[in-house]
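> take this sequence and fold it.
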Amino acid sequence: MPTPDRNTLSQARVTQIYDRNALFYDAMETPMEWLALRAWRRDLISGLSGQVLELGVGTGRNLALYPADVVLTAVDVAPSMLKRARARARQLGIGATFVQADMRALPFETASFDAVVTSCVFCSVAEPHAGLAEARRVLKPGGHLRMLEHQRPDPPALGWLFDRLNPLAVRLTGANLNRETQRLVEGAGFSTVTARRLDELGIVRIFDACDAREPEVGTEEADAKVDAIDTAGAPPLGTQRDSRR
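I've put the predicted structure just below:
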């Protein structure tokens, strides 16, 4: 029987870890990028248009992959990660709005985005249920949540191993190895959820979740947070991206 998530760290501690690792994060990810991750990212983002929100933008690995007609808002809770993403956008000549925020309490109005994107993010959210609820809230009716995420492998022996390694992985990287992401997405209230395995062991998957129902009415507190968005060094929300390579 699968072991529950063993994230014993607070979100504040996880954020500290990602802030600490920001300088080396791209180097740590490079082998996986070369092997498969960049192709998977392209697949994840292909066909998107309109107002798109990326949660956990990190150092901005996805920025150059978005179609030209996307108006992008990029969020990360770790300031050092967001700083590197902003620098990457400037280097590439890509316009986007960058916001430092916790995805468990997003500073956007209800039904603001045509799509929400995550890639290798929900393994490190301290309260994934809250993050998924917020992603659903800010989506327009019929909008899609697209996620490229890893999770606990299906084979029992390998799942057992991931469970044993998870406490160490969380403390070193902030990321859970054994989070059951598909179960979490399927329980988040979306009308439809599809999952596509990208490897034989079922560790890496692309999820597409859509909610055709009318969204819940946002609270005044949530909507008021929009005024507090820090868009320093980036065009305001709704501004078309300037150029790309």
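> center of the chain, which residue is that?
T118 (2.6 Å; C-alpha atoms, centre = their mean).
> may I have the strands that pair with whichever strand or helix holds it, each with its orientation?
Using DSSP states H and E, T118 sits within strand 113-119. When pairs are called by DSSP bridges, strand 113-119 turns out to pair with strand 50-55 (parallel), strand 139-150 (parallel).
> which of those strands is buried the deepest?
Ranked by mean neighbour count, the strands paired with strand 113-119 are led by strand 50-55 with a mean of 23 (mean count of other C-beta atoms under 10 Å). From N, CA and C alone the C-beta is placed, and that goes for glycine too.
> quick one: strands adjacent to whichever helix or strand comes after that strand?
As assigned by DSSP H and E, the chain's next helix or strand after strand 50-55 is strand 70-76. Here strand 70-76 is paired, per DSSP bridges, with strand 50-55 (parallel), strand 97-100 (parallel).
> tell me the mean pLDDT over the last one?
Averaged across strand 97-100, pLDDT comes to 96.
> for the protein, what's the longest helix?
When the chain is parsed with DSSP state H, its longest helix is helix 11-32.
> that helix packs against which elements?
With contacts taken as 3 or more C-beta pairs under 8 Å, 6 or more residues apart in numbering; DSSP states H and E, helix 11-32 sits against helix 79-92, helix 156-173.
> I'd like to know which of those is closest to R20.
helix 79-92 (7.9 Å; C-beta to C-beta).
> the spatially most distant residue from the centre of the chain: what's it in contact with?
Of all residues in the chain, A157 has its C-alpha farthest from the mean position, at 28.5 Å, by C-alpha atoms, centre = their mean. By C-beta atoms under 8 Å, 6 or more residues apart in numbering, no residues touch A157.
> what of A133?
For A133, the contacting residues are A188, G189, by C-beta under 8 Å, 6+ apart.
> chain center to the helix or strand where it lies, what's the gap?
Assigned by DSSP H and E, A133 falls within helix 128-138. Counting by C-alpha atoms, centre = their mean, to the nearest Å, helix 128-138 is centred 11 Å from the centre of its parent chain.
> kindly report the same for stretch 35-42.
Here stretch 35-42 is found 15 Å from its chain centre; the criterion is C-alpha atoms, centre = their mean.
> over to stretch 88-97?
With C-alpha atoms, centre = their mean, you get 18 Å for stretch 88-97.
> ok, and for that stretch, which residues are buried?
By neighbour count with 16 or more other C-beta atoms under 10 Å, stretch 88-97 contains the buried residues R88, A89, I94, G95, A96, T97.
> and the first one, how far from P67?
Read that as R88. To P67, R88 is 18 Å away according to C-beta to C-beta, to the nearest Å.
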